[in-house]
Each structure stands twice: as structure tokens, then as C-alpha cells.
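>>> how does the following fold in three dimensions:
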Amino acid sequence: MRRFESNQVARDYDALAPDGSEIRLLHSLDGASVVHCTLPVGAFTIPVRHRTVEEVWYFLAGAGQVWRKQGDREQVLDVSPGLSLTIPLATDFQFRNTGDVPLEFIITTTPPWPGENEAVVLDAGRWD
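Below is the predicted model:
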């Protein structure tokens with residue numbers, strides 16, 4: 001039987017994601033992991049694609065844009081608090097902060113994030 005867990009989220013980030021965003025670890029179970037992600041004002045991430053995981057994002061604060069691409073299908077989505085989106089397997093993606101406060105969101109990853117080699121850095125994205 002698994003123990004109950006609780007966590008006080010730190011102000012400082014626990015890790016930098018492979019795309020350069022700031023990650024605060026929340027929890028991980030056998031089927032999923034959950035983190036809090038922040039992207040500073042004016043910043044954009046490195047474009048990546050995941051090898052084995054899918055994600056659901058829920059935006060808490062700020063404003064930004066997310067680029068997603070699968071084959072010939074491509075989208076740039078304006079994001080703000082209350083919006084959610086998915087990053088399915090085999091999706092190229094990148095995001096940027098277009099607001100005047102940090103862009104903050106929750107990410108649920110299934111299966112749980114396996115480690116540093118999960119993200120493949122792409123040669124090109126939407127924003128350089």
C-alpha cells in the first residue's frame with residue numbers, strides 16, 4: 001500500500017526542463033507524474049518532442065502561445081488561465097510567454113516522466 005504524500009511547493013524551481021522551462025516537482029504515482037511549470041516574462045522554450053510520454057497542461061497565470069505540430073497538422077494556440085491542452089505522443093511543441101507576468105501551468109505526464117533523455121531537441125521550432 002502506498003503512503004499518503006503532501007508537498008509544499010518551493011518558490012525556487014527543482015529542475016530546468018529539457019526545453020528550458022522551470023519545473024517544480026509535485027508528485028508521482030505509478031501511472032502519472034505532476035509538476036508546476038513556469039516560463040519567465042519574455043522567454044520562449046527550445047522546441048522538443050517526447051519519446052514515450054503524453055501530457056495534459058492546465059494554465060494558472062500569465063499569457064502565452066503554444067505551438068504544436070504533428071506531421072502536416074500545425075497550430076499556434078493563445079493560452080491564458082483556465083485553458084487546458086494536450087501534448088499527444090509524437091507532437092513537436094514549443095511555447096512562449098507573451099504576457100507581463102510569468103506563465104504558470106500544471107503538467108500531468110503519463111506515464112510518469114522517465115528522465116532527462118525523454119525529450120528530443122528539434123532542429124527548428126516556431127520561435128528562434
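>>> only C-alpha atoms for contact and neighbour calcs from this point on.
Will do.
>>> correct me, but Ser84 touches Val56?
Yes. At 7.1 Å, Ser84 counts as touching Val56 under the criterion of CA atoms under 8 Å.
>>> tell me how far the ends of stretch 89-106 are from each other?
Separation of the first and last residues of stretch 89-106 by CA to CA, to the nearest Å is 18 Å.
>>> what residues sit buried inside that stretch?
Across stretch 89-106, burial judged by 16 or more other CA atoms under 10 Å covers 90-99, 102-106.
>>> mind listing what Pro88 touches?
Listed by CA atoms under 8 Å, 6 or more residues apart in numbering, the contact partners of Pro88 are 53-55.
>>> CSV please, covering those residues and showing pLDDT.
Converted to CSV, these look like this (pLDDT from 0 to 100):
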residue, pLDDT
Val53, 97
Glu54, 98
Glu55, 98
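>>> any idea which of those is closest to Glu22?
Glu55 (16.2 Å; CA to CA).
>>> quick one: the strands in the chain, in order.
15-16, 22-28, 33-39, 48-50, 54-61, 64-70, 73-79, 84-87, 92-97, 103-110, 119-121 (DSSP state E).
>>> partner strands of the first one, parallel or antiparallel?
Right, strand 15-16. Paired strands of strand 15-16, with direction, are strand 22-28 (antiparallel) (DSSP bridges).
>>> and if you look at the fourth one?
Here strand 48-50 is paired, per DSSP bridges, with strand 92-97 (antiparallel), strand 119-121 (antiparallel).
>>> and those strands: which comes nearest Gly31?
With CA to CA as the criterion, Gly31 lies closest to strand 119-121 of the strands paired with strand 48-50, at 18.8 Å.
>>> what residues does the closest one touch?
18-19, 46-51.
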